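Enquirer: Please work out how this folds:
(2 chains)
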Amino acid sequence: MTPSSSSSRADRMPPPPFDPELAAALEVIREHVPPSIRLETLDTMRQLRRQLGPSDEDLRRDGAFDVTERRVPGPQGAPDVSLLICRPTGATAPLPAVYYVHGGGMIMGDNRTGIEEPLDWARELGLVLVSVEYRLAPDHPHPAPVEDCYAGLVWTAGNAAELGIDPDRLIVAGTSAGGGLAAALALMVRDRGGPTPAGQVLLCPMLDDRNETPSSHQMEGLGIWDRNSNDTGWTALLGESRGGPDVSPYAAPARAEDLSGLPPTFIDVGSAETFRDEDVAYATRIWQAGGQAELHVWPGGFHGFDMLAPHAALSQDARAARLRWLRRLLEG
Amino acid sequence: MKELAGRLAALDPDAGAAMQVITYFDRLLEGRAGLAALVRGAAVLTGHPVRLADEPHRVFVRVDAEGRRMDGGGLPDPAWPSAPLEPDGPPALWLERPGPAGVVEAMVLERASAAIRTVLVRTRGWAHEAAPDQAMTEVLLDAAAPRGARLRAARRLGLDVAGRARAVALAGGAARVQAVDATRPDAVDAGDERAGIGPAVPVADLPESLAAARTALRFTAEGTDRDPGPRVVHADRLGGLAVLASAVGPDTEPVPDVRALERAVAAAPWMLVTLDAVATGSSLRAAAAAINVHHSTLQDRLAGAEHELGWSVHDPQGRLRLQLALALRRLHRTA
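Expert: Sure, this is the predicted structure:
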């Protein structure tokens, strides 16, 4: 059977089953995280996310990190961008760094969302973590979010010495919508001659505004961030032009014609989530363009499974795989 | 699972937490999750390290509050809250912090230990009998063993002695015990092994279930063209046929219908599979489909068969004679 770009709900294949441990966790948290997020419920979701964010105290990890929040110049004519910077205390030599872009479907989250795991990497590998606050759709549609991220990246690379960062070992990373933005950053840097990252880490990235892959149809109403949520996020970012012929690859990296000249890439995704097919396709196209990519498809994983159920065996393995890739990239 | 555990801790134990704990372990069981997943669930839901130390099954699983595997850890502290895997058994699942357990913690221990018992029965009690468990199974199924010894063996095997179970007889004299799920008393995990399935009985009465299972086994066949017939037969679906089993064996004189059947089988390689299909099919058309021949071919074959047998298999009486002859033929080959 050939996957069709216009497969309808009627002819969709049954979804892959969730991993049993993830399915159990999903059911328990179900009422807090509906599969479909619409603009009407956005305020509630944003509030819930804010309550879950870590405090400065959490981020310091018993004195392991110096935590600062820094306002740096934003894109031309736009407000400043706020960077959350966590630097291992006592380190003197320039360190590698992760420039992290948070998730939240382009419509939720802040620069503390989901940074526990990048902070684990920073602790384990001795990295500086820089997490960018970007303006959110629908109040700030494309290109505001990605240009904010780009401005923060350019500033970070330009001020590497002051931050104690080795500019040759600056990695961009992002989760979900942040994964899509991180992928866009790698494209922009390539096209504009900006600071080349040493790698890109795209965790279950949101890449394709067309929202018409078999997986996006298969998982409708199931798991986390189904195609209705996805439609909400992309429409907030792109308005009427979503899915049309004129979408920029800096908004939706799956639209890029050319995926050559990108840094070493790590992509992972669950087999039971909307983004499965677009993420697998992105890795495949990087290989086809002569690039280097590592792809993990975790069987029975829903979107962001390792954040909602970090204890699960699959989550532990997924996180270990990311750390191993980073270690290989940085330590050779 | 900080998010999950945090939410549970914030919940009123009387309200949502109970439901969520039950849901979590029920879903794990439905998904056929393994022991480690159950122990991880107990650890993250309580926010403390949890260990499962079950000597009879040689199982040791220990995880920290984040669900990561840990080894060792010394002897369990008797002050820790714990739960046995069976009502009067020794403690096996431990919450590694000084007791007493809170309301939610106690519930987690209770649900987790019940789920672990279910998994042990499923994985050790049925499909992958370890050698010491084999000896326990023999005691449990031995009608000559004292009742107390049988119940002790049942506990060692992780069976609920107040519950029900069935014996399963296998070719070559081997036997297994399968716990009966009270919520699905008719469900049988039969697999595809050639087996006679005994009726569900109280655990103490398992030798009776085994006797019936062995009788059922005599009605089974390889399920091949050379030996067509059912690979799995349930004792409690035999009906009156069970009476025949006690009257017929390798040494009893075959009745004329069985001799006629043997003559017919010797006459053509397709005979036995054809007659079995006719005896068990709902119609001649279904029988033809079952053995993949055209309806007219079947009619031709049956003309030859009826000539050898000496009776018609086209009417219900004739098919009953055929069914009986086929069943008796199997019984003559086993004791």
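Enquirer: Now do the strands in the stretch 51-200 of chain A.
Expert: Using DSSP state E, counting those that start in this stretch, the strands of the stretch 51-200 of chain A run over residues A:65-72, A:81-88, A:95-101, A:128-133, A:165-175, A:199-203.
Enquirer: Run through who's touching the shortest one.
Expert: I take that to be strand A:199-203. For strand A:199-203, contacts defined as Cβ atoms under 8 Å, 6 or more residues apart in numbering or on different chains pick out A:98, A:171-176, A:178-180, A:182-183, A:185-186, A:262-268, A:279, A:282, A:322, A:325-326, A:329. Using the backbone N, CA and C atoms, a C-beta is placed for each residue, glycine as well.
Enquirer: That strand pairs with which strands, and in what direction?
Expert: Strands adjacent to strand A:199-203 in the sheet, as given by DSSP bridges, are strand A:165-175 (parallel), strand A:265-270 (parallel).
Enquirer: could you dump it to CSV, C-alpha only?
Expert: Provided in CSV are the C-alpha atoms of strand A:199-203 (Å, rounded to 0.1, in the frame of the first residue of the first chain):
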residue,chain,number,x,y,z
GLY,A,199,25.3,19.5,15.5
GLN,A,200,21.5,19.7,15.6
VAL,A,201,19.4,17.7,18.0
LEU,A,202,15.8,17.4,16.8
LEU,A,203,13.6,15.7,19.4
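Enquirer: what's the distance between that strand and the middle of its chain?
Expert: From the chain centre to the centre of strand A:199-203 is a distance of 8 Å (Cα atoms, centre = their mean, to the nearest Å).
Enquirer: Excluding chain neighbours, what is closest to the single nearest residue of the stretch 51-200 of chain B relative to chain A?
Expert: Residue nearest to chain A within the stretch 51-200 of chain B: B:Gly67 (2.8 Å; Cβ to the nearest Cβ). Counting by Cβ to Cβ, 6 or more residues apart in numbering or on different chains, B:Gly67 lies nearest to A:His311, which is 2.8 Å off, once chain neighbours are set aside.
Enquirer: on that earlier part again, and the strands of the stretch 51-200 of chain A as TSV, adding mean neighbour count, distance to B:Pro76 and mean pLDDT?
Expert: Shown next, in TSV, are those (neighbours: other Cβ atoms under 10 Å in any protein chain shown; distance: least, Cβ to Cβ, whole Å; pLDDT from 0 to 100):
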stretch	mean neighbour count	distance to B:Pro76	mean pLDDT
strand A:65-72	15	37	97
strand A:81-88	21	38	98
strand A:95-101	26	41	98
strand A:128-133	26	40	98
strand A:165-175	23	39	97
strand A:199-203	27	39	98
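Enquirer: OK, contacts around A:Arg327?
Expert: So, once contact is read as Cβ under 8 Å, 6+ apart, A:Arg327 ends up touching A:Leu125.
Enquirer: I misspoke; the intended subject was B:Arg319.
Expert: Listed by Cβ under 8 Å, 6+ apart, the contact set of B:Arg319 reads B:278-279, B:313.
Enquirer: got the buried residues for the host helix or strand of it?
Expert: Per DSSP states H and E, B:Arg319 falls inside helix B:316-332. Neighbour-count burial for helix B:316-332, with 16 or more other Cβ atoms under 10 Å in any protein chain shown as criterion, is recorded at B:318-319, B:321-332.
Enquirer: which one of these sits closest to A:Ala64?
Expert: B:Arg330 (74.1 Å; Cβ to Cβ).
Enquirer: State the distance from that closest one to B:Leu170.
Expert: Computed as Cβ to Cβ, to the nearest Å, the B:Arg330 to B:Leu170 distance reads 16 Å.
Enquirer: One more: B:Ala195?
Expert: B:Ala195 sits 5 Å away from B:Leu170, taking Cβ to Cβ as the criterion.
Enquirer: who has more neighbours, the two?
Expert: B:Ala195 (24 against 16; other Cβ atoms under 10 Å in any protein chain shown).
Enquirer: hang on, that one packs against B:Arg218?
Expert: No: with contacts counted by Cβ atoms under 8 Å, B:Ala195 stays clear of B:Arg218, the gap being 11.8 Å.
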